[in-house]
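> With the sequence up front, the predicted model follows.
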Amino acid sequence: MTNVWFSNMTIDNEDVYKKAGWGRSQYAVVFVCSLLFMGVGIGIGYAVGRNNSNSNIPQAGDTAQETATKPPRSPHPIDTILSSINKDNIKQNLWKYTSRPRMSGTPGGYELVQILQEAWRSSGIDEVRVTPYDVLMSYPNRTNPNRVQLLTSSGQLIFQSALFEPALDSLSNNSEIIPPFNAYAAAGISEGDLVYVNYGRIEDFLYLTQNMSIDLKGKTLIARYGKIFRGDKVKNAQRFNASGIIMYTDPSDFNRGNSTYPDSWWMPPSGLQRGTVGGDGDPLTPLYPATDYAYRVKESDVSGIKIPAQPISYGDAQHFLSEMGGEEAPLEWRGALPITYRIGPGFRNSSLKMRLEVNNFEEKRTVENVIGYIKGKTEPDRYILLGNHHDAWVFGAIDPLSGTAVLTELIRVFGEMLKSGTRPDRTIVFCAWGAEEHGLIGSTEWVEEYMKVLYERAVAYLNVDYAVDYNYVLFAGTSPLLQDSLYQATKQVPNPDTSSSDKTLYDAWKTRDNSNDLEPSVYYSLGSGSDMATFYQRAGVPSIDMWFTYDENKWDILSYPVYHSAYETVYLYENFIDPGYSYTATMAKLWGVLAWNIANEKVLKFDVRRYATAINKFIGNLKTEFGAKWTKQNVNIGALESAAQNLTTEAENFHQKVQSLQATSSAANVLQNRMINDKLIQFERAFIDCEGLPGRPMYKHVMFAPSLYDSYSDNSFPGIVDTMNEIENQNATAKWEVLKQQVSIATFIIQSAANTLKEVGL
């Protein structure tokens, strides 16, 4: 693919005004003639006016005349967005998109790409493209599905996990549903003694190996889903030399009700969670885009998961866990199955053994993104990107297709505005990513391909992985820079709960957020759980991820219950998630208003002071947790604090200067505004370290990056925190020099960020 469109985004109207062959003499003639006709017109008008008095002059209150002489103004674009979003359209989109499984690289996945491409093109936006990448994908073997077996010592089968999730209604009865599997788990067999490892976190493994002195080498492990990314559970198992791992959804985390799907939203005993255990992007082209000319490493040289892993339901897991021997699990390790949770190793009946068999295969397939464009009228080389992924493990009515249905409706509205002559100042890019579920592949390859352009020109990336997983409260992660933009947009969008006294979405968010703060709480830990990861972690593009969710004070659960199962259907969505689609439509409004605001602000509402405040808070946390130990090791935290104070000073100075300029006539100075906005856009990039984090060069954001032990969540100062984790929990005392280096790097990066806000900065 070429980058032709991005390099030709300016609009040149000079030809409209130039006519060949005109010189000064022709202009002089026209000027004289114009004066002559003007004089004649004035004379005629004066005579007519004297003869007709004032009888036809519109008087105050003459509505007909006022309307005739002064046509009504067009509605404000924000009002148009709010009034044009149609719930019925979103509903129709969702029904169409969820009519069959939509995994990338399958017929259903390719069909959805065509559906989106056609719908977006018919909307009237400027351009729609499909960007394909040939990447290494992972799939289950349909003719020889993965299985977990309980056997006698002679090999007689006692119990076997379900090869497919049984259909519980007509919608979940579909022959295209893939068998349960974890993408990129190695094919193979594990027959070691079974050991229960709780959530499979690093602290769980340390408890087993250090407190209980259990040797995990060669063992088959069983862990409950939740708390951390499933792939990190598998990496931990591999790190401790286990031969395989089974993961299940414990009802304590996924079923708190008296009934289950299809009678409620709770996970049934037969439900299970599919998901990838691999890394981000194409495994064959790490750090570079999977273009047709790209160099690809050999599949045998890919450093990934080397042990088998498999998800099962809690109904199936009970058969294995109930037979386990060994000590009883600690209280906090116990789930909600009607059994005694034991650690193992092995079973109480020594004649029993288990067998994990995984038959996954990997092959190159084409994954496709759908990208739509509305070219900006004054700053076409500045981009606001809206992203959602279109692939699902099965039907994906929540994740991701509620978001995809919203995105298509929003594009329809923006297309209608474009037809009526309403065009944003900056370019808006709409993105439907492929193969997100396999490891953010579509978005990662696209960002890698356009990294240089995005690094210079991208203003913001606004991610909606899915629109709603429950119709209660807004939940948002954001760069500190976009926090005020998000608040502004929520104040412009009506509360979807019309029975509430809270009139705006902002008010409802603040009420239901249960925060004692003066404003609704957001989290800065974006992690790598969705497509904003590569934009934020590697390109330094300020990003947001947002959705509506359940009341966490009511349900202390780890995610919506039927996550990545065959029961995530449109029936579930319409009956238990968002009946009436009110919150789904509100997400469309919020997404659209937020994008429109950022695309049209003369000066971006990015408040760099929020970044400085966050950094000072995080340094305070580091001092509280590690200060005494750092003093003993002569870690230079004083320089880190000094850099943070410099950033605080420069952020305040910059903010005051911007406020002063906007309060004067300089606010109309296009060049001045462009200079301010460029500093704001590049400020996030100041926290990107081109060398990356220790051992993880793909993660380059020094302030926020996925934890080494949980890719779903970020650490603040990840290089520092992860190194301290190794020092404290793994007795890696040799890492103190690495720690000092990471503190030095963080100090340098913060001071550099402060320098970018200065008028000269050198």
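Looks like it came in fine.
> residues near residue 744, how many?
Number of residues near residue 744 (other Cβ atoms under 10 Å) recorded here: 14. For the C-beta atoms, the positions are set from N, CA and C on the backbone; glycine is no exception.
> Now name the helix or strand holding it.
According to DSSP states H and E, residue 744 maps onto helix 736-756.
> Touching that helix from outside, list them.
If you take Cβ atoms under 8 Å, 6 or more residues apart in numbering as the criterion, helix 736-756 is touched by 611, 615, 633-637, 639-640, 642-644, 646-647, 649-651, 679, 682-683, 686-687, 689, 694, 702-703, 717, 719-720, 723-724, 727, 761-762.
> again, only this time at 7 Å
Helix 736-756 is contacted from outside by 615, 633, 635-637, 639-640, 643-644, 646-647, 650, 679, 682-683, 686-687, 689, 694, 702, 717, 719-720, 723-724, 727, 761, using Cβ atoms under 7 Å, 6 or more residues apart in numbering.
> One more: stretch 234-248?
Contacts for stretch 234-248 (Cβ under 7 Å, 6+ apart): 148, 185, 190, 192, 200, 202, 205, 209, 216-225, 230, 233, 277, 305-314, 317, 356.
> Would you write out the PyMOL command that picks the buried residues out of those?
In PyMOL, this line selects whichever of the contacts of stretch 234-248 come out buried by 16 or more other Cβ atoms under 10 Å:
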select buried, resi 148+185+190+192+200+202+205+216+219+220+221+222+223+224+225+230+233+277+305+307+308+309+310+311+312+313+314+317+356
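> shouldn't residue 177 be in contact with residue 101?
Yes - assessed by Cβ atoms under 7 Å, residue 177 is found in contact with residue 101 at 5.8 Å.
> Just the ones of the contacts of helix 736-756 in helices?
615, 637, 639-640, 643-644, 646-647, 650, 679, 682-683, 719-720, 723-724, 727 (DSSP state H).
> Now that we have those, which of them are buried?
Neighbour-count burial (16+ other Cβ under 10 Å) is assigned, among the ones in helices among the contacts of helix 736-756, to 615, 637, 639-640, 643-644, 646-647, 650, 679, 683, 719-720, 723-724, 727.
> Endpoints of stretch 490-499, how far apart?
The first and last residues of stretch 490-499 sit 18 Å apart, counting by Cα to Cα, to the nearest Å.
> Give the rounded mean pLDDT of that stretch.
Averaging pLDDT along stretch 490-499 yields 97.
> Also stretch 637-649?
Per-residue scores along stretch 637-649 average to 97.
> Contacts made by that stretch with the rest, please.
Around stretch 637-649, the neighbours that count as contacts under Cβ under 7 Å, 6+ apart are 612, 615-616, 619, 623, 630, 743, 746-747, 750-751, 753-754.
> 6 Å - rerun?
Outside stretch 637-649, the residues that touch it by Cβ atoms under 6 Å, 6 or more residues apart in numbering are 612, 615, 616, 619, 630, 743, 747, 750, 751, 753, 754.
> For residue 177 and residue 101, list the residues in contact with both.
Here residue 177 and residue 101 share the contacting residues residue 394, scored by Cβ under 6 Å, 6+ apart.
> more neighbours, those two?
residue 101 (22 against 19).
> Could you report the separation of the more buried one from residue 559?
20 Å (Cβ to Cβ, to the nearest Å).
> Next: residue 102.
20 Å.
> just the buried members of the contacts of stretch 637-649?
612, 615, 616, 619, 630, 743, 747, 750, 751, 753, 754.
> could I get those residues as a markdown table with pLDDT?
What follows is those, written out as a markdown table (pLDDT from 0 to 100):
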| residue | pLDDT |
| --- | --- |
| 612 | 97 |
| 615 | 97 |
| 616 | 97 |
| 619 | 96 |
| 630 | 95 |
| 743 | 96 |
| 747 | 97 |
| 750 | 97 |
| 751 | 97 |
| 753 | 97 |
| 754 | 97 |
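> Adding distance to residue 269, write those out as TSV.
Below are the buried ones among the contacts of stretch 637-649 laid out as TSV (distance: Cβ to Cβ, whole Å):
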residue	distance to residue 269
612	50
615	47
616	49
619	48
630	50
743	50
747	53
750	51
751	56
753	51
754	56
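> Quick check: of those, which lies closest to residue 94?
The shortest approach to residue 94 among the buried ones among the contacts of stretch 637-649 belongs to residue 615, at 41.0 Å (Cβ to Cβ).
> Any stretches of this protein with poor pLDDT?
Residue ranges of the chain with pLDDT under 70: 1-73, 665-668, 710-714.
> Name the residues that touch the helix or strand containing residue 590?
Assigned by DSSP H and E, residue 590 belongs to helix 582-600. For helix 582-600, the external contacting residues (Cβ under 6 Å, 6+ apart) are 77-78, 81-82, 85, 87, 90, 384, 386, 402, 406, 409-410, 424-426, 428, 460, 464, 467-468, 471, 485, 489, 492-493, 496, 548, 578.
> In strands only, show me those residues.
Members of these lying in strands (criterion: DSSP state E): 384, 386, 426, 428, 460, 548.
> Show me which pair in those is furthest apart.
Largest separation among these by Cβ to Cβ: 426 and 548, giving 27.1 Å.
> and the helix or strand harbouring residue 92, what does it pack onto?
Per DSSP H and E, residue 92 falls inside helix 87-97. The contact analysis (3 or more Cβ pairs under 6 Å, 6 or more residues apart in numbering; DSSP states H and E) places helix 87-97 against helix 401-419.
> Fine by me, we can end here.
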